[in-house]
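Peer 1: The sequence and its predicted three-dimensional model are supplied below.
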Amino acid sequence: MTFAARESETARSSPLRKLIALATKEPVLSVLVVALIALQCLHPRPWRSLPGLVDWQTVLTLAGLLILTKAIELSGFLMWMAHRVIHSIHSERGLAFLLIGLAAALSTLLTNDVALFVVVPLTLSLHELTPLPLKRLVIFIALSVNAGSVLTPLGNPQNLFLWQTSGVSFGGFVWGLAQLCAALMAMLYLLAAFSFRATPLDLSKDAVPHDVDRRLVGVATLLFVAFVLLADSHHAGIGLVGVMGGFLLWRREIVLKIDWLLLLIFVFMFVVLRSVAALPWVHEVVGQLGLSTSLRAFAAGAVLSQGISNVPAAIMLAEFTKDWRALAFGVSVGGFGIAIGSLANLIAVRLSKQRGMWLPFHLYAVPFWLVAAAVGGWLLLHI
């Protein structure tokens, strides 16, 4: 083969190699693309209608949070906070307990996604100071935001949807879910007690002072509060324009360094999951389940979430049952188990930037789902 022929062959194979490399690096995105193509072949719908399946408020909110948390990260504030935290905790288990509690508490008011954007980067900063079982910590943080967010209507999108459609008061919703939240958190702390050691933390790397860009962290914090308020009032687009525009003019590198592929994954996930949920045979199967009893509604939410995620599962099943509490119990438990059960799981794994996370995640999450399903079913029937 001549040199020119080899160059031509290399040029032709280069896009294919890049595509294979991307598929290997981003398996979730690859699976979603293949699933979308398969759905369009088996049950086609107009391509121009697909953007309508995306919850753009969620995507815009996610984009704004990515920019703001990247700004806080680059300000050095997380490293400074890690420096302070690490000296108040004396063991690996104590640190795990603290991070689990912090993530769960934040998720009750700021949603599970926002809690992850705060706690996972903080954990990464702590890992730079002292060796930590990082993968295991991120897994437990993901489980904790799913457990803590159960408590309030503001904790996650499915709770907000069920609260709005049920007509129950805020206090009534919290009271109805409090027992399940308490049980899930107790289970999580018990599991953490056996999963983390009581060994002292090694602070040998914590010898360098940590500078903080006070101006950047101050601006980012103010924008963070303003953006969350705008997002809660369904004006995330306006907030994103302000945040992105301001940082592009002032600190362009912040916008350029966020995880843009995560946003693309969310767009494809909404399209694929909602396309699956809209399939006629899916509706037919769900309709034949007979969700007239609380236990059946609970089981349907817990199981269906494993296939289409808990937010679409809540939206679909609400058409077949008016038992909001049973459905809330089901989709809350459904956030555990397979990673797709809750989009927060995907965010946690992405933010960790660790390879080989999926297997250990499922080794913890699937057994936790099975036990949570048994406990949730018992609570629903007896309390």
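Peer 2: Right, received. Where do you want to start?

Peer 1: Next, please give the residue ranges for the helices of the stretch 1-150 of the chain.
Peer 2: For the stretch 1-150 of the chain, helices defined by DSSP state H, counting those that start in this stretch occupy the ranges 3-25, 27-42, 56-74, 77-86, 92-129, 134-148.

Peer 1: List the buried residues of the shortest one.
Peer 2: Taking 16 or more other CB atoms under 10 Å as the neighbour-count basis, helix 77-86 is seen to contain the buried residues Phe77, Leu78, Met79, Trp80, Met81, Ala82, His83, Val85, Ile86. Quick note: C-beta positions are derived from backbone N, CA and C, even for glycine.

Peer 1: my guess is the second one contacts Val120, does it?
Peer 2: No: at 10.2 Å, Leu78 does not count as touching Val120 under the criterion of CB atoms under 8 Å.

Peer 1: quick one, phi psi at Asp213?
Peer 2: Dihedral angles of Asp213 (phi, psi; degrees, to the nearest 10) stand at phi -80, psi 90.

Peer 1: quick one: the nearest residue to it once chain neighbours are set aside from Leu177, how far?
Peer 2: Residue nearest to Asp213 in three dimensions, not counting chain neighbours: Ser75, with 4.3 Å by CB to CB, 6 or more residues apart in numbering. Distance of Ser75 to Leu177, given as CB to CB, to the nearest Å: 36 Å.

Peer 1: Excluding chain neighbours, what is closest to the one residue sitting closest to the centre of the chain?
Peer 2: With distances taken as CA atoms, centre = their mean, the residue of the chain nearest its centroid is Ala344 (1.2 Å). Distances taken as CB to CB, 6+ apart place Asn112 nearest to Ala344, at 4.4 Å, with adjacent residues excluded.

Peer 1: Contact partners for the one you found?
Peer 2: Val145, Asn146, Gly148, Ser149, Gly155, Asn156, Ser342, Ala344 (CB atoms under 8 Å, 6 or more residues apart in numbering).

Peer 1: In terms of pLDDT, where does it sit?
Peer 2: On pLDDT, Asn112 comes in at 84.

Peer 1: quick one on the thing from earlier: can you say which of the helices of the stretch 1-150 of the chain is packed in most?
Peer 2: Counting by mean count of other CB atoms under 10 Å, helix 134-148 has the highest mean neighbour count of the helices of the stretch 1-150 of the chain, with a mean of 26.

Peer 1: Just want the angle from that one to helix 92-129.
Peer 2: 120 degrees (axes from the mean of the first three to the mean of the last three CA atoms, to 10 degrees).

Peer 1: which is the next helix or strand following helix 134-148?
Peer 2: Later in the chain than helix 134-148, the nearest helix or strand by DSSP states H and E is helix 157-166.

Peer 1: and that following helix, C-alpha only, in CSV?
Peer 2: Below are the C-alpha coordinates for helix 157-166, written out as CSV (Å, rounded to 0.1, in the frame of the first residue of the first chain):
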residue,chain,number,x,y,z
PRO,A,157,-39.4,16.4,40.6
GLN,A,158,-41.7,13.4,41.2
ASN,A,159,-42.6,14.7,44.7
LEU,A,160,-43.4,18.2,43.3
PHE,A,161,-45.6,16.6,40.6
LEU,A,162,-47.5,14.4,43.0
TRP,A,163,-47.9,17.2,45.5
GLN,A,164,-49.4,19.5,42.9
THR,A,165,-51.7,16.9,41.5
SER,A,166,-52.9,15.4,44.8
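
Peer 1: relative to helix 56-74, how tilted is that helix?
Peer 2: For helix 157-166 against helix 56-74, the angle by the same axes, to 10 degrees is 140 degrees.

Peer 1: Could you export the contacts of Asn112 as JSON lines, including pLDDT?
Peer 2: Output for the contacts of Asn112, formatted as JSON lines (pLDDT from 0 to 100):
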{"residue": "Val145", "pLDDT": "94"}
{"residue": "Asn146", "pLDDT": "93"}
{"residue": "Gly148", "pLDDT": "94"}
{"residue": "Ser149", "pLDDT": "92"}
{"residue": "Gly155", "pLDDT": "82"}
{"residue": "Asn156", "pLDDT": "82"}
{"residue": "Ser342", "pLDDT": "86"}
{"residue": "Ala344", "pLDDT": "86"}
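
Peer 1: so who does the nearest residue to Ile340 once chain neighbours are set aside touch?
Peer 2: Sequence neighbours aside, Ser309 is the residue nearest to Ile340 in space, at 5.5 Å (criterion: CB to CB, 6+ apart). Neighbouring residues of Ser309 by CB under 8 Å, 6+ apart: Met269, Leu273, Ile340, Gly341, Ser342, Leu343.

Peer 1: So which of the residues you listed are in helices?
Peer 2: Mapping the contacts of Ser309 onto helices (DSSP state H) picks out Met269, Leu273, Leu343.

Peer 1: surely the first one meets Ala35?
Peer 2: So the one you mean is Met269. No: using CB under 8 Å, Met269 is not in contact with Ala35, being 9.7 Å away.

Peer 1: Could I get the phi/psi values of Pro44?
Peer 2: Backbone torsions of Pro44, given as degrees, to the nearest 10, read phi -70, psi 150.

Peer 1: how close does it sit to Ala38?
Peer 2: For Pro44, the distance to Ala38 equals 11 Å [CB to CB].

Peer 1: next one: Leu351
Peer 2: From Leu351 to Ala38 the distance is 29 Å (CB to CB).

Peer 1: can you give me phi and psi for the residue nearest to Ile340?
Peer 2: Main-chain dihedrals, Ser309, degrees, to the nearest 10: phi 80, psi 160.

Peer 1: Also Gly167?
Peer 2: The phi/psi pair for Gly167 (degrees, to the nearest 10) is phi 80, psi 0.
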